[in-house]
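1. Got a predicted structure here, sequence first:
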Amino acid sequence: MRVATLLLGGLGCFISAGCERGGPSSGPAPAPAAATAVTSDGHRTAFDAVPRPPGKDPPFVLADDRIQIAKAMLRANRFDDAELALKTVLARRPDIAQAEFFLGVAIQKQKRYADAKPHFERVIALGSAFPEIDYVFHFLGWCLYYLGDLPGAQIAFEEHLRRVPTEADTQFGLGVVAFDDDRIDEAEAHFKRAIEMQLGDARAAREIAKAEARLSDVYVRRDRIVEAEQVLRDSVTRYPDHYEAWAKLARVLDRLERTDEATSAREQEQAAINRAAGRGDLSGTN
């Protein structure tokens, strides 16, 4: 998830005006319009009271230096260590929303979505401003999605996109939700928008390839197999280690009765899996 990588890289992009990822401007922020999330138990959590990130004057000050240490652990994929460090902070200061947020991230990165979700909801309930506050809705959206709450995930993603309109990964999230909800036209529009928003950014090759692979699912659903093949070839050319795209390409080639090419695609899939395993990166790309 590219959002997590950028988020953990530092605070600057999320408090500077006109940043590349579309973060909020500095200075007083307008009050957000009312929005609501629906969680899987039917509970409605108001988003309208959640503040925007603080401005640059005065500079934001960490409530506890261990939060910065925990962020370094997250960057190093030491998720369990970060979890422990942040729980230590919150044991003494349960009111630090920023620590609660990164604790949720640490747990979510371990794919414990049910455990992560209450931490993001706690951040929303605390209503405290910190530089990453807008991104709580992005991470809550993915928790809700993986827990099977498509309506809640959609509303959380929509709230994040309202706050950070240029966040392509949230466009992608809305596309996945729409596809799973059988809203195919919306899914196609979101996947195409996610691709369009990142074209020209060399750092986004993996994320663009991921969106292209999911766009191919739309084309397959509509029996537009030739278009599915083309977008999958774009995906694996852009990011050859996308083993799931190679697998999809093989299945599309099977349908086109191009057996030799399908066999080659499966060989490429296995080679990509081997490369990913060597990096310890078999988490998938969706």
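-> Looks like it arrived, so ask away. All figures in this text were calculated on a predicted structure; none of them were measured in a lab.
2. CA only for contacts and neighbour counts going forward, please
-> Noted.
3. Let me see the residues that make contact with the top helix by length along the chain.
-> Ranked by residue count and defined by DSSP state H, the top helix of the chain is helix 259-279. With contact meaning Cα atoms under 8 Å, 6 or more residues apart in numbering, helix 259-279 is reached by 240-247, 249-254, 282.
4. Next: stretch 191-204.
-> For stretch 191-204, using Cα under 8 Å, 6+ apart, the contacting residues are 2, 166, 168-169, 171-172, 175, 208, 211-212, 214-215.
5. Run a quick neighbour tally on Thr88.
-> Using other Cα atoms under 10 Å, Thr88 has 14 other residues around it.
6. helix/strand/coil for it?
-> At Thr88 the chain is in helix, as set by DSSP: H, G, I helix; E, B strand; the rest coil.
7. how close does it get to Ala99?
-> Thr88 is 10 Å from Ala99, where distance means Cα to Cα, to the nearest Å.
8. And for Lys117?
-> In terms of Cα to Cα, Lys117 sits 14 Å off from Ala99.
9. State the pLDDT value of Gly141.
-> pLDDT recorded at Gly141 is 96.
10. Equivalent analysis for the one 3 residues further on, please.
-> For Leu144, the pLDDT comes out at 96.
11. I'd assumed Pro118 was in contact with it.
-> No - the criterion here is Cα atoms under 8 Å, and Leu144 misses it with Pro118 at 10.7 Å.
12. Have a look at those two and say which one is more surrounded.
-> The neighbour count for Leu144 versus Pro118, taken as other Cα under 10 Å, is higher for Leu144 (24 against 15).
13. More neighbours: Lys117 and Ala99, which one.
-> Ala99 (29 against 22).
14. ok, and what's touching whichever helix or strand the more buried one is part of?
-> Per DSSP states H and E: Ala99 is located in helix 97-108. Outside helix 97-108, the residues that touch it by Cα under 8 Å, 6+ apart are 67, 70-71, 74, 79-80, 82-83, 86-87, 89-90, 94, 113, 115-120, 122-123, 126-128, 130, 132-133, 136, 139, 143.
15. what ranges do the strands span in the stretch 1-150 of the chain?
-> 36-38, 44-46 (DSSP state E, counting those that start in this stretch).
16. Check Tyr135 and give its pLDDT.
-> For Tyr135, pLDDT reads 97.
17. per-residue confidence for the nearest residue to it once chain neighbours are set aside?
-> The shortest distance from Tyr135 to any non-neighbouring residue, by Cα to Cα, 6 or more residues apart in numbering, is to His160 (6.5 Å). In this model, His160 is scored at 96, pLDDT.
18. so His160 makes contact with His138?
-> Yes - His160 lies in contact with His138 (Cα under 8 Å); the separation is 5.7 Å.
19. ok so, going back, among the contacts of helix 97-108, which lie within helices?
-> 67, 70-71, 74, 79-80, 82-83, 86-87, 89-90, 113, 115-120, 122-123, 126, 136, 139, 143.
20. picking that back up, give me the common contacts of His160 and His138.
-> Thr170.
21. so where's the stretch 151-286 of the chain uncertain?
-> The stretch 151-286 of the chain contains residues with pLDDT under 70 at 282-286.
22. Next up, phi/psi of Asp201, please.
-> Phi and psi for Asp201, reported as degrees, to the nearest 10, are phi -100, psi 110.
23. For it, give its distance to Glu212.
-> 15 Å.
24. just Tyr243 next, same as before
-> In terms of Cα to Cα, Tyr243 sits 13 Å off from Glu212.
25. quick one, helices of the stretch 151-286 of the chain?
-> Taking DSSP state H, counting those that start in this stretch as the test, the helices found in the stretch 151-286 of the chain are 168-180, 184-198, 205-221, 225-238, 243-255, 259-279.
26. Just the buried positions in the third one, please.
-> Under the neighbour-count criterion of 16 or more other Cα atoms under 10 Å, helix 205-221 has 205-220 buried.
27. Repeat that for the last one.
-> With burial defined by 16+ other Cα under 10 Å, the residues of helix 259-279 counted as buried are 262, 265-266, 268-274, 276.
28. and the angle for that helix with helix 243-255?
-> Angle, helix 259-279 to helix 243-255, by axes from the mean of the first three to the mean of the last three Cα atoms, to 10 degrees: 170 degrees.
29. Please consider this matter closed, and thank you.
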